[in-house]
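Visitor: sequence first, then the predicted structure:
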Amino acid sequence: MTAKRTTSARLDPRRPLVLDTRELGRRAGSMRAVRRTVPAPDDLGLELVGVPAGSDLRLDIRLESVMEGVLVSGTAAAEVTGECGRCLEPFSDVIRVEIQELFVYPDSTTDATTEDDEVRRLEHDLLDLEPVVRDAVVLALPMTPLCDPDCLGLCAGCGHRLDELPEDHTHDVVDPRWAVLAEKFGGDSEQAGPTR
């Protein structure tokens, strides 16, 4: 087992996702509801979809004092924007994720028996929700976001959205071997050979 960290960077209580638990106390069963809207942190997303930095992130959580620390549970909701993985059109949606995390007291049994990266810890009665929210939101985002579950994507022939084209939309596809001959001898490529 590695040595426990002895010093840590102090959390700034003015940061929007840092919560002060002093009012809660350490008596098991004490509870406090927190409802607030904070600016979303940077890099809260994936390549094609994410929560815009600084947009509203709505928290509806409960802080509950338990024997080993403070249990945080509830939801986080935000608007996500992105690019459809099929038709490449921009879209927006709302994401709502469940959060549940135990922040252990520095002098608890859990703190003494776990590695630094196995649990989250309270630091001077402060807890930082940013990593918890980031994990929950990013894991809930789709790898291939869609503007609509029924999005048909783009036409391979002309690149237009299939949703906006008539049902009978087609392209004459000429065998490339015949097209080269037609180009060389000046003939009509449609007459130069069979089409598919």
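Guide: Structure's in. What do you need?

Visitor: so what's the closest residue to residue 31 other than its chain neighbours up against?
Guide: Once flanking residues are discounted, residue 31 sits nearest to residue 64: 4.7 Å by CB to CB, 6 or more residues apart in numbering. (C-beta placed from N, C-alpha, C; glycine too.) Residues in contact with residue 64 (CB atoms under 8 Å, 6 or more residues apart in numbering) are 29-31, 70-73.

Visitor: name the residues of the host helix or strand of residue 64 that are buried.
Guide: Taking DSSP states H and E as the criterion, residue 64 maps to strand 56-66. Residues of strand 56-66 classed as buried by neighbour count (16 or more other CB atoms under 10 Å): 57-59, 61, 63-66.

Visitor: one more: stretch 43-59?
Guide: So for stretch 43-59, counting by 16+ other CB under 10 Å, buried means 44-46, 49-52, 57-59.

Visitor: what distance separates the strand holding residue 64 from the centre of its chain?
Guide: Between the centre of strand 56-66 and the centre of its chain there are 19 Å (CA atoms, centre = their mean, to the nearest Å).

Visitor: may I ask you to confirm that residue 11 is in contact with residue 121?
Guide: No: contact criterion CB atoms under 8 Å: residue 11 and residue 121 do not qualify, at 10.6 Å.

Visitor: immediately after the helix or strand of the chain with the lowest mean pLDDT, which helix or strand?
Guide: When the helices and strands of the chain are compared on mean pLDDT, DSSP states H and E, helix 109-113 comes out lowest with a mean of 63. Counting by DSSP H and E, the element after helix 109-113 in chain order, helix or strand, is strand 120-121.

Visitor: helices or strands up against that next one?
Guide: strand 90-104 (3 or more CB pairs under 8 Å, 6 or more residues apart in numbering; DSSP states H and E).

Visitor: parallel or antiparallel, list what pairs with the strand it packs on.
Guide: Strand 90-104 pairs in its sheet with strand 69-83 (antiparallel), strand 120-121 (parallel), by DSSP bridges.

Visitor: which residues touch that strand?
Guide: Contacts of strand 90-104 (CB under 8 Å, 6+ apart): 21, 51, 61, 66, 68-84, 110-111, 114, 119-122, 127, 129, 132-133, 136-137, 140-141, 145-147.

Visitor: spatially nearest residue to residue 120 (excluding sequence neighbours)?
Guide: Closest residue to residue 120 apart from its sequence neighbours, by CB to CB, 6+ apart: residue 103 at 4.8 Å.

Visitor: can you report how many residues neighbour the one you found?
Guide: If you count neighbours by other CB atoms under 10 Å, residue 103 ends up with 23.

Visitor: now swap in residue 21 and tell me
Guide: 21.

Visitor: residues in contact with it?
Guide: Contact analysis of residue 21 by CB under 8 Å, 6+ apart lists 63, 65, 70, 103, 122, 125-127.

Visitor: fine by me, we can end here.
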